[in-house]
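Participant: predicted structure and sequence below. I'll ask about it afterward.
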Amino acid sequence: MLSSTDTLALIKRAQQGDEEAKQILIEENSPLVKSVIKRFKGKGIEYDDLYQLGCVGFLKAIKNFNTDFNVKFSTYVVPMVIGEIKRFMRDDGEIKVSRAIKSLNLKISKFIENFLKEHMRKPTTKEIAKEFNIDESEVIFTMDSAKMPISMFATYDDDSNKGQYLIDRFMQTGDNEEVLDSISLKEALSSLDERDKKIVLLRFFRDKTQSEIANVLNISQVQVSRLECKIIEKMREKLKV
């Protein structure tokens, strides 16, 4: 196992384009990637494909990891790997958009159209959320549903599974991997305020850059970077990672 110092040194080299450093990081962290993808076995994706997706998420983690903050790299890697697999499952048509989400999306679209005609500008996410009495994060997910399948944060639209998150169908209980269990979606979200929740959703589950998130929140990219690291630490402390 690489020490934290060696890991950070390799990450810095990899971020500068050192392919050998990337390969070493992948090989040394292969057990972690495999422990993550194990949760998705039996979901219609071949193991080799799962591993490749995991490696793609891992490489994204290397690229985006901020070495200036005291955050454990493995903690940052796990949601990135899971997010990559879930994006593939959404895009591959495993999860369909529910009728309720489609209906709400149409209503939001109509509201935006009317608002634009009346005010000569598009409404903000906050204004849309107020109009429909929903969270801003739900507005983002609903509008995104017009472009891609439904978020894993939505409840499962099935009489036998009412109130259950879609993610619950994939993150099965019973194993004892501490890191994986610690990022249980419902627990993680419940520990965050609205702004932090939005950062997590946009960053890890919508694959937005820090600059894109900064534009949404009307803050600087540096602030997003700092908040991201604080959120990760907060989740680790809350869930005892």
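Facilitator: Perfect, thanks for sending it.

Participant: show me the domain layout of this protein.
Facilitator: Domain segmentation of the chain under automatic domain parsing yields 4-95+161-239, 99-148.

Participant: for those domains, give me a markdown table that also has mean neighbour count.
Facilitator: Quick note: C-beta positions are derived from backbone N, CA and C, even for glycine. Formatted as a markdown table, the domains of the chain follow (neighbours: other CB atoms under 10 Å):
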| stretch | mean neighbour count |
| --- | --- |
| domain 4-95+161-239 | 16 |
| domain 99-148 | 15 |
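
Participant: by contact count, what packs against the longest helix along the chain?
Facilitator: Using DSSP state H to define each element, the chain has its longest helix at helix 99-119. Under the contact definition 3 or more CB pairs under 8 Å, 6 or more residues apart in numbering; DSSP states H and E, helix 99-119 sits against helix 125-132, helix 136-144.

Participant: Ile199: which of those helices is closest?
Facilitator: Taking CB to CB, helix 136-144 is the member of the helices and strands packed on helix 99-119 nearest to Ile199, at 10.0 Å.

Participant: the closest one vs helix 99-119, what angle?
Facilitator: Orientation of helix 136-144 against helix 99-119 (axes from the mean of the first three to the mean of the last three CA atoms, to 10 degrees) gives an angle of 100 degrees.

Participant: name the helices or strands packed onto helix 136-144?
Facilitator: If you count contacts as 3+ CB pairs under 8 Å, 6+ apart, helix 136-144 packs onto helix 99-119, helix 125-132, helix 194-204.

Participant: closest one to Thr75 among the ones you listed?
Facilitator: Closest among those, using CB to CB: helix 194-204, at 12.1 Å.

Participant: next, the angle from that closest one to helix 125-132.
Facilitator: For helix 194-204 against helix 125-132, the angle by the same axes, to 10 degrees is 110 degrees.

Participant: check the offset of helix 194-204 from the chain's centre.
Facilitator: Using CA atoms, centre = their mean, to the nearest Å, the mean C-alpha position of helix 194-204 is found 8 Å from that of the whole chain.

Participant: what's the first helix or strand after that helix?
Facilitator: helix 210-217 (DSSP states H and E).

Participant: tell me what that next one is packed against?
Facilitator: helix 194-204, helix 221-239.

Participant: residues contacting Phe204?
Facilitator: Phe204 is in contact with Pro79, Met80, Gly83, counting by CB atoms under 8 Å, 6 or more residues apart in numbering.
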